[in-house]
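Colleague: I'll drop the sequence and a predicted model, then ask my questions.
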Amino acid sequence: MPTVAKGDAMRGLAVFISDIRNCKSKEAEQKRINKELANIRSKFKGDKTLDGYSKKKYVCKLLFIFLLGHDIDFGHMEAVNLLSSNKYTEKQIGYLFISVLVNTESELIRLIIQAIKNDLFTRNPVHICLALQCIANIGSKEMAEALAPEIPKLIVSGETLDAVKQSACLCLLRLFRTSPETVPSGEWTQRVGHLLNDQHLGVVTSATSLIHTLAQKTPEDFRQCVQLAISRLSRIVTSSYTDLQDYTYYFVPAPWLSVKLLRLLQVYPPPEDPAMRGRLNECLETILNKAQEPPKSKKVQHSNAKNAVLFEAINLIIHHDTEPTLLVRACNQLGQFLQHRETNLRYLALESMCLLASSEFSHEAVKKHMDTVITALKTERDVSVRQRAVDLLYGMCDKSNAEEIVAEMLSYLETADYSIREEMVLKVAILAEKYPVDYTWYVDTILNLIRIAGDYVSDEVWYRVIQIVINRDDVQGYAAKVVFEALQAPACHENMVKVGGYILGEFGNLIAGDQRSSPMVQFQLLHSKYHLCSAPTRGLLLSTYIKFINLFPEIKGQLQDVLRNNNNLQNADAELQQRAIEYLQLSTVASQDVLATVLEEMPPFPERESSILAKLKKKKPNVSDIEVKEGKKSSNPPTLNNSAANTPEATPASAPVPVMAAAPAPAPVQSASDDLLGLSAGPAAAVPVTNNFAAPAAPAGGGGLLVDVFDTPPAQNNVSTALAPQAEDNFFNMAGETAPSGDASATELDGRFAIKNNGVLFENELLQIGVKAEYKGNLGRLGLFYGNKTSYPFQFFTPTVSCPGELASALNVQTKPLDVNTVEGGAQVQQIINVECIADFLDAPILSIKFSYSGSMQQINLMLPVMLNKFFEPVEMDATTFFNRWKQLNSPGQEEQKIFKATYPINQDNSRTKLLGFGFGLLDGVDPNPDNFVGAGIIKAQSSQVGCLLRLEPNMQAQMYRLTLRTSSNSVTTRLADLLLKLF
């Protein structure tokens, strides 16, 4: 780059910057900027003979003012005029101004394109490089269409200097990434490959980046580059670090070029030419050998560069998957990293070994490291490394080690991080089905899975165990016995109740001969769970009762009493009411022969694709590739699907429910790509019911006592439903983890309920309190559910809600009193609370509950999860409107900026879901960095509306965030910032 002459220094610019820095207030700064803008405007308008130096100085001042956050609406023409200058500094400033301030829709864009063309056709390499950098920075479609045909000429021309070739390659790469259709194909694509043989390694590095990207779209056009890439790679890996002095990084010759060449080779299959293949294998062996050599430096940069080449070479070996020796050597090399002190190396080793586990050549070698991986799963401090360990155990599992791996995963599941529990449940279920020791072991494993992690067991898992039992006569009696024993546990998950109700309804007669599991005992055991279950589960249990009337006529009277109970016949849930009425009439009118025909045993299920595996593929495609590739293994063991029993998988569209004789045909099977659990933001689709059993559904809100009392789910519920299964969001008890007993503080509630409306608010050994809320505008409605977990009544049960201090004037709370003051044992009562936001507030209403239990008075004080963001309404706006409003909110106290360490691993999808759940409307395409989040919303209150703008900038490498929040209310800014900090 040309040196700047001493006379080119702009003293006026230096003085202006000094004046700005010395301003004591924002008003003084604004006044100084306005004065300077007026002076510059007068110079541009009044003096038509300004020299290049003056134009450069004033354009620099405008650029500096823009960088301070002020709008610049003039000076663009003067910047364009600087492009025609022959002085480097003036042309440089002109290109800088254009790159930063000129909009792609500007009327001056044609003049700019013409000026750039003039510079591209000059013989001055500095001017050409400036033009290429400007093209890459702006990268508009119009500019790409006009200039893209000229850039390849610079790349392949023999007269072009090396520095210009580098810039031209990177410029064309940028245009291809933004507008691939504008980059022409032609003869130059055949000639650009020869740049891999260029003597200048900088040109080779730039050309490799360009060729790699182009080859991913049209690999045939660049197939001749494979030989050149192998040749260049061979020269690099066999050279000493002293041979490439300018491109040696901490004793590693040209590491970044080596990585790029290895990635380019991964676009193509192994070379067919034996000589080329042998030469490539020699390169890969050399890289593996160098990894075993003692380090030439203790600097971390040396090991990073060396390992970068090594891991990319291993990726190429895995991609080719044809050389058993190299695959085993790569596995052994990765095994050495499993106990390395550097966390990143352990993570990368586990990730690469997951891919090696899918190869028939290296699968056995990977299995040798099973004990090390299990130890990592138990002792590793980093959750992301533990998750990779789970992936590797899943990938290396086969018939020989399935029982041990499943046992270890179940053991770890009890203490596993919330972020990986759902995925682990799916993998344990798949492995238990794919490599069963026997069917009783499979049933025991799934029931144990429900016991340990019931909240994370999706419907597909318990559907599947039902199908196995129904399709296998030899396991039905055993299943009925173990599920009966499981239901006797004091704390029994609702999914276990579903499985128990289903199996006992079908096969309870197989264990009825034992007095300990007589028909009455079975009925009483199931009915003791009835009042604590959600409505869909109650419907399933009612279907079990009608099955019992057919199986056990001796207890018909007791079962009819339950169906005749007013709580069922007059239930607010139409489905439960209809089932109770129809089952009661069926049991009264129909003869025993008719009942036996209508309620006959469930027929075997037809074979279908595994919905559990489809769900895992949808959740984590890169890990489920292991399952796809396992078809290559010659020793692939039989699964439950391909066994003699022919026991297929069900999908929610065909839930495992007993088909009545006159039942309609099952619904069509969902494809593997369907959203099986309704993880999208929309409400979950209803499950078609083909018989007298309830359509299985996940319990709302995750609480066993919670019942949906609202006619339609609130809008926010959709977001909460989407959040519940996500990884890190389970830290907020999304799946129904109970709140601690005793007083709950507002701080605890912020983290748990800031982005969800449903859940268990409080639970101890006596009482469970659930909440289900919906909000619209400045109004809200909360349904509180008080469940008595004991067998004794709560007397004088009195809940009251109060608003302490200034909250009473900011929040209007109306509480509907309870109809009863006694809550019977095992019963649940509901209370509705209406909330109106009058003005912005900080505190939360206090819920105070008093009742008498066994003659002793109890009192519980809680803070209701009514927070300011609950009255949020998302706002949509374009980029111009957003930035205009952002600049308007610049008064002291209106902005709050926090830079903080991420509490949970940064994940773009989870961050987006949290912000949507918080209430913001996310504005895509506003921030130039696609990884950043920009949001807008309005807090609705009766007295005022508070506009809120947000910018969240994640730093993946440092695992940190920068949160910037601007609102029209100082107190709101601070409050929302505090709430948001707890989410990330």
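Modeller: Received, thanks.
Colleague: Sticking with residue 830, tell me its helix or strand.
Modeller: Taking DSSP states H and E as the definition, one finds residue 830 inside strand 828-837.
Colleague: what about dumping the CA coordinates of that strand to CSV?
Modeller: Written as CSV, here are the backbone C-alpha positions of strand 828-837 (Å, rounded to 0.1, in the frame of the first residue of the first chain):
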residue,chain,number,x,y,z
GLN,A,828,-58.5,-30.1,42.8
VAL,A,829,-60.2,-26.7,42.8
GLN,A,830,-59.8,-23.9,40.4
GLN,A,831,-59.6,-20.1,40.9
ILE,A,832,-59.8,-17.4,38.2
ILE,A,833,-57.9,-14.2,38.6
ASN,A,834,-58.3,-11.3,36.1
VAL,A,835,-55.5,-8.7,35.8
GLU,A,836,-55.4,-5.3,34.2
CYS,A,837,-52.2,-3.4,33.7
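Colleague: helices or strands next to it in the packing?
Modeller: Strand 828-837 sits against strand 779-788, strand 795-802, strand 811-815, with contacts defined as 3 or more C-beta pairs under 8 Å, 6 or more residues apart in numbering; DSSP states H and E. Yep, even glycine has a C-beta here, placed from its N, CA and C like the rest.
Colleague: between the ones you listed, which gets nearest to residue 398?
Modeller: With C-beta to C-beta, the closest approach to residue 398 among the helices and strands packed on strand 828-837 belongs to strand 779-788: 45.7 Å.
Colleague: Between the helices and strands packed on strand 828-837, which one is closest to residue 928.
Modeller: From the helices and strands packed on strand 828-837, taking C-beta to C-beta, the stretch that ends up closest is strand 779-788, at 37.1 Å.
Colleague: Now render the helices and strands packed on strand 828-837 as JSON lines, adding mean pLDDT and distance to residue 554.
Modeller: Converted to JSON lines, these look like this (pLDDT from 0 to 100; distance: least, C-beta to C-beta, whole Å):
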{"stretch": "strand 779-788", "mean pLDDT": "90", "distance to residue 554": "31"}
{"stretch": "strand 795-802", "mean pLDDT": "89", "distance to residue 554": "37"}
{"stretch": "strand 811-815", "mean pLDDT": "89", "distance to residue 554": "48"}
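Colleague: Tell me which of these sits most buried.
Modeller: Comparing the helices and strands packed on strand 828-837 by mean neighbour count (mean count of other C-beta atoms under 10 Å), strand 779-788 ranks first with a mean of 21.
Colleague: List the pairing partners of it within its sheet, with orientation.
Modeller: strand 767-776 (antiparallel), strand 828-837 (antiparallel) (DSSP bridges).
Colleague: Compute the inter-axis angle for the first one and strand 795-802.
Modeller: Right, the one you point to is strand 767-776. 40 degrees (axes from the mean of the first three to the mean of the last three C-alpha atoms, to 10 degrees).
Colleague: Output strand 767-776 in CSV, but only the C-alpha positions, please.
Modeller: Presented in CSV, the C-alpha positions along strand 767-776 are these (Å, rounded to 0.1, in the frame of the first residue of the first chain):
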residue,chain,number,x,y,z
LEU,A,767,-50.2,-29.1,48.1
GLN,A,768,-49.5,-28.5,44.4
ILE,A,769,-50.4,-25.2,42.8
GLY,A,770,-50.5,-24.9,39.0
VAL,A,771,-51.0,-21.8,36.9
LYS,A,772,-52.3,-21.4,33.3
ALA,A,773,-52.5,-17.9,32.0
GLU,A,774,-53.4,-15.9,28.8
TYR,A,775,-52.8,-12.3,28.0
LYS,A,776,-54.1,-9.9,25.4
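Colleague: buried stuff in that strand?
Modeller: For strand 767-776, a neighbour-count test (16 or more other C-beta atoms under 10 Å) marks 767-775 as buried.
Colleague: Then stretch 562-572?
Modeller: 562-563, 568, 571.
Colleague: how about the helices and strands packed on strand 828-837, which one is nearest residue 442?
Modeller: Short answer: strand 779-788, nearest of the helices and strands packed on strand 828-837 by C-beta to C-beta, at 34.0 Å.
Colleague: I'd like the secondary structure assignment at the closest residue in space to residue 927 that isn't next to it in sequence, please.
Modeller: Leaving aside its sequence neighbours, residue 927 sits nearest to residue 934 (C-beta to C-beta, 6 or more residues apart in numbering; 4.9 Å). Of the three states, residue 934 takes strand under DSSP: H, G, I helix; E, B strand; the rest coil.
Colleague: Next up, the contacts around residue 934.
Modeller: 882, 922-923, 926-927, 949-952 (C-beta atoms under 8 Å, 6 or more residues apart in numbering).
Colleague: The same query, at a cut-off of 7 Å, please.
Modeller: Neighbouring residues of residue 934 by C-beta atoms under 7 Å, 6 or more residues apart in numbering: 882, 923, 926-927, 950-951.
Colleague: Select, out of the helices and strands packed on strand 828-837, the one closest to residue 205.
Modeller: strand 779-788 (58.9 Å).
Colleague: can I assume residue 204 is in contact with residue 193?
Modeller: No. Checked against C-beta atoms under 7 Å, the pair residue 204 and residue 193 is beyond contact range at 11.2 Å.
Colleague: Name the residue in these two with the higher neighbour count.
Modeller: Higher neighbour count among residue 204 and residue 193: residue 204, with 26 against 20, using other C-beta atoms under 10 Å.
Colleague: who's in contact with the more buried one?
Modeller: Contacts of residue 204 by C-beta under 7 Å, 6+ apart are 195-196, 198, 232, 257.
Colleague: Tell me which helix or strand it sits in.
Modeller: Residue 204 belongs to helix 201-217, assigned by DSSP H and E.
Colleague: related to what we said a few turns ago, may I see the ChimeraX selection of the buried members of the contacts of residue 934?
Modeller: To isolate the buried ones among those in ChimeraX, judged by 16+ other C-beta under 10 Å, type:
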select :882,923,926,927,950,951
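Colleague: Which ones among the contacts of residue 934 map onto strands?
Modeller: 950-951 (DSSP state E).
Colleague: Reformat the contacts of residue 934 as CSV; add distance to residue 459 and pLDDT.
Modeller: Listed next are those as CSV, based on distance: C-beta to C-beta, whole Å; pLDDT from 0 to 100:
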residue, distance to residue 459, pLDDT
882, 41, 86
923, 35, 88
926, 39, 86
927, 38, 85
950, 36, 90
951, 39, 90
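Colleague: partner residues bridging the residue nearest to residue 927?
Modeller: residue 951.
Colleague: Please tell me how far it sits from residue 870.
Modeller: Computed with C-beta to C-beta, to the nearest Å, the distance linking residue 934 and residue 870 is 22 Å.
Colleague: Also residue 290?
Modeller: 59 Å.
Colleague: Residue 264 too?
Modeller: 53 Å.
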